[in-house]
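Trainee: Quick one, fold the following:
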Amino acid sequence: MSQQTRRLYEFGAFRLDAQERVLLRQGEIVPLTPKAFEMLLALVENSGRLLGKQELMKRLWPDSFVEEGSLAQNVSLLRRVLGENVEGERFIETVPRRGYRFIGSVRGVFDEPDLIEPERPGPDIAVDASQEADVSEGYAPVQADIQTAIELGSDAKRSLKQTPRQTVLMASLALVTVLAALLYLVILRKPEQPIGPAIKSIAVLPFKSLGAGGADEYLGVGIAETLTTRLSSLQLLAVRPSSAVHKYADSQTETAAAGHELKVDSVLEGSIQRLGERVRVTVRLVRVSDVSLLWADHFDENFTDIFRVEDSISTKVAAALALKLSGDDQRRLIKRYTENVEAYQHYLKGRFFWNKRTGEGFRLGIAQFMLAVGKDPGYALAYAGMADSYTGLTFYNFAAPDETMPKAKEAAMNALAIDGTLAEAHAALAHVLVNYYWKWSDAEKEFRRSIELKPDYATAHQWYAIHYLTPTGQMDAALQEMKRALDLEPTSLVMNTFFGSTLYYAGRYDDAIEQCRKTIEMDSNFAVAYWHLALAHEQKGIFDDAIAELQKAITLSGDSPLMIAALGDAYALAGKSEDANRILDELQKLSANRYVSSYEVAAIYAALGEKERAFQWLEKSYSERSFHLINLKARPEFAPLRSDPRFQDLVRRIGLPQ
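Mentor: Down below sits the predicted model:
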């Protein structure tokens, strides 16, 4: 035998015995799992010092792969047993994205030396990381309590074999505690129900891809989009669309912070890891107000069973939120747009590339959507994605309208032929009808049908505002629709920017400037926000700022012809005709290899005061059906031409109201 001094730490009403590996509260043992105890010991020993997540994970699981959520599980358990939520005293501080710090007042105590018998080898109980649910702080499921009791019982049995005298008594008390806990948990205690206000809104964050090199990044984003689509089918729940959460794909934003930014009551988040044909999906549903866990689970399946995983997640989320679903609701919740796993993978990749909003991204997206419908010709969502990609190429001037818009219409019609209730396809068709075919009445019906089918589809509200209501001069209604889109997607750069654009067309230039600046504060690399900010500054006569902003937009957009033409327009309005003509020469050279919109060239000539040249290029834009020509009456640069009969004739031919 040898003498050892026991390391004891006291804080609040607790005493932590590092030697015996027990936590006491007023002399009574507090049940803890081995991993929770080890984490508490690490925090207490380093009281006041921030312990990083990686440092803690290395200490708790030196030879195992686990996710960061396991740390949150242990912190949740510790906070509960320490009574933070009950007594108001705080011991553990979370440092967002970094780690944890013990902030309670700790007093080190050295007890009288005990005679400790050398430890004999004995069975070591390891907790499988796969059994530790990835849960949020502030809540721990009943299963964690049962596991605590079981593990403590195992420790007590081991202690009976390994230590004499005082430890025997301590272990006996532990066993009594275990039996009482199990009786309470299994027989007397009812399952915990979510406490707090009803959940009325949710956001599904992009699932984190744990694959090597992010090769499966598209999968995490895509599964989140699929779940968003399913939950959006329920009228009982407001669901933030995928475009509102894309910014969180590479973000380290804490769950609660993301929820507050998105203005939702709950957040569904998770991770996905693929190894060959196997896939593990870990998911948790968190209440934003108190960061409590409403539900958590993980799934280990063959990738071919990914649809079954999505079905299970959708139905369990609805159950966790206590939604009363009708038979139709239940069917919509597990609706699949394809049963072909390969087609589904291609669709997910297509949306992943489409969301990049670049010329290359749109083209890669089209290729993936084509592969998807090749695998499953009845895949309506893939056709809708194809239509959006063709339209995106034209909107950003990456391709000529006659090259892409008929294909966009064909894809949208194919989607609707398969599923006439697909809101995305109705909006895609409306987009084409109004911008290329100038079928205003038909386009309005399609926009309204899309919104009717899916009221929370922010893109339909946005497109209806900027492609129908604004060109026809219905500015109050346009602002109302854009406000609705922004309410649905408060963190979306697109929605924030185009709300500024609508303010600009309404003549509210100061408000437009303020809105675009807010967008740039969200992301200083978003070219479209600088473009619209510059347009508003032009109308205020702040030309130097407008020119500087457009120069940034050109760089950030990869030398977009749309942005280059806007710079020429700014030079012309500022009276810098030499610079404006230099831009015209540059656009002429670009047109040999890339599409340059005649409508944008006409705007530069109008700003220069060259009326005849402006009308020549407007006629060209009519012949090529330039995408933005529908804004002819709304765009301020063309104001000097409005009294000319040729202008009114062009307005009539486009179908705009006189």
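
Trainee: in the protein, which residue is closest to the centre?
Mentor: Nearest to the mean C-alpha position of the chain, by C-alpha atoms, centre = their mean, lies residue 245 at 2.2 Å.

Trainee: Would you confirm that that one contacts residue 224?
Mentor: Yes: in this structure residue 245 lies within contact range of residue 224 using C-beta atoms under 8 Å: 7.1 Å. From N, CA and C alone the C-beta is placed, and that goes for glycine too.

Trainee: Can you pull the residues that touch both of those two?
Mentor: Listed contacts common to residue 245 and residue 224 are 204-206; contacts here mean C-beta atoms under 8 Å, 6 or more residues apart in numbering.

Trainee: Just give me the closest of the residues you listed to residue 93.
Mentor: Within the shared contacts of residue 245 and residue 224, proximity to residue 93 (C-beta to C-beta) peaks at residue 205, which comes in at 24.0 Å.

Trainee: where does the stretch 501-650 of the chain dip in pLDDT?
Mentor: By pLDDT under 70, the stretch 501-650 of the chain contains no weakly predicted segment.

Trainee: before we move on, back to that, which element is the residue nearest to the centre of the chain on?
Mentor: helix 242-245 (DSSP states H and E).

Trainee: Outside of the helix or strand that that helix is followed by itself, list whatever touches it.
Mentor: As assigned by DSSP H and E, the chain's next helix or strand after helix 242-245 is helix 255-262. With C-beta under 8 Å, 6+ apart as the test, helix 255-262 has contacts from 96, 136, 203, 205, 240, 244-245, 248, 251, 253, 265-267, 269, 286, 288, 291, 490-491.

Trainee: The residues you listed, buried ones only, as a ChimeraX selection?
Mentor: Selecting only the buried entries of the contacts of helix 255-262 in ChimeraX, with 16 or more other C-beta atoms under 10 Å as the criterion:
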select :136,203,205,240,244,245,248,265,266,267,269,286,288,291,490,491
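
Trainee: Go through the contacts of helix 255-262 and flag which are in strands.
Mentor: Among the contacts of helix 255-262, the members found in strands (DSSP state E) are 203, 266-267, 269, 286.

Trainee: tell me which of those residues is nearest to residue 27?
Mentor: Set against residue 27, the nearest of these by C-beta to C-beta is residue 286 (36.1 Å).

Trainee: residues touching that closest one, list them.
Mentor: By C-beta under 8 Å, 6+ apart, the neighbours of residue 286 are 136, 255-256, 259, 266-269, 292-294.

Trainee: Dig out what it forms beta bridges with.
Mentor: residue 267, residue 293 (DSSP bridges).

Trainee: Please tell me how far it sits from residue 225.
Mentor: Here residue 286 is placed at a distance of 19 Å from residue 225 (C-beta to C-beta, to the nearest Å).

Trainee: for the helix or strand encompassing residue 516, which positions count as buried?
Mentor: Residue 516 is part of helix 509-522, with elements assigned from DSSP H and E. Of the residues in helix 509-522, 509, 511-513, 515-516, 519-520 count as buried by neighbour count, 16+ other C-beta under 10 Å.

Trainee: do stretch 443-457 as well
Mentor: Buried, per 16+ other C-beta under 10 Å, within stretch 443-457: 443-444, 446-447, 449-451, 453-457.

Trainee: tell me the domain ranges of this protein?
Mentor: Domain assignment of the chain by automatic domain parsing yields the ranges 2-188, 201-336, 342-570, 597-658.

Trainee: Format these as a markdown table; extra columns: distance to residue 581.
Mentor: Putting the domains of the chain into a markdown table (distance: least, C-beta to C-beta, whole Å) gives the following:
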| stretch | distance to residue 581 |
| --- | --- |
| domain 2-188 | 51 |
| domain 201-336 | 39 |
| domain 342-570 | 8 |
| domain 597-658 | 8 |
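
Trainee: Burial-wise, tell me which of those comes out on top.
Mentor: When neighbours are counted by mean count of other C-beta atoms under 10 Å, the highest per-stretch mean among these falls to domain 342-570, a mean of 21.

Trainee: Could I get the contacting residues of the residue nearest to residue 634 when sequence neighbours are not counted?
Mentor: What sits nearest to residue 634 in space, not counting adjacent residues and going by C-beta to C-beta, 6 or more residues apart in numbering, is residue 505, at 4.9 Å. Residue 505 is in contact with 470, 475, 478, 631, 634, counting by C-beta under 8 Å, 6+ apart.

Trainee: Give me the distance between the two termini of stretch 462-477.
Mentor: By C-alpha to C-alpha, to the nearest Å, the extent of stretch 462-477 from end to end equals 11 Å.

Trainee: what do you get for stretch 503-510?
Mentor: 9 Å.

Trainee: ok so, going back, just name whatever secondary elements the helix holding residue 516 is in contact with.
Mentor: Contacts defined by 3 or more C-beta pairs under 8 Å, 6 or more residues apart in numbering; DSSP states H and E place helix 509-522 against helix 493-505, helix 527-539.

Trainee: Looks to me like residue 578 is in a helix.
Mentor: Yes: when classified by DSSP: H, G, I helix; E, B strand; the rest coil, residue 578 is found to be part of a helix.

Trainee: gap between it and residue 517?
Mentor: Using C-beta to C-beta, we find residue 578 at a distance of 30 Å from residue 517.

Trainee: before we move on, the earlier item: can you list the neighbours in contact with the helix holding residue 516?
Mentor: 491, 493, 496-497, 499-501, 503-504, 526, 529-530, 532-533, 535-537, 539-540.

Trainee: do the same with stretch 372-389
Mentor: For stretch 372-389, contacts defined as C-beta under 8 Å, 6+ apart pick out 229, 337-340, 342-344, 346-347, 350-351, 354, 362-363, 365-366, 369-370, 407-409, 411-412, 414-416, 418-419, 422, 424-425, 428-429, 431-432.
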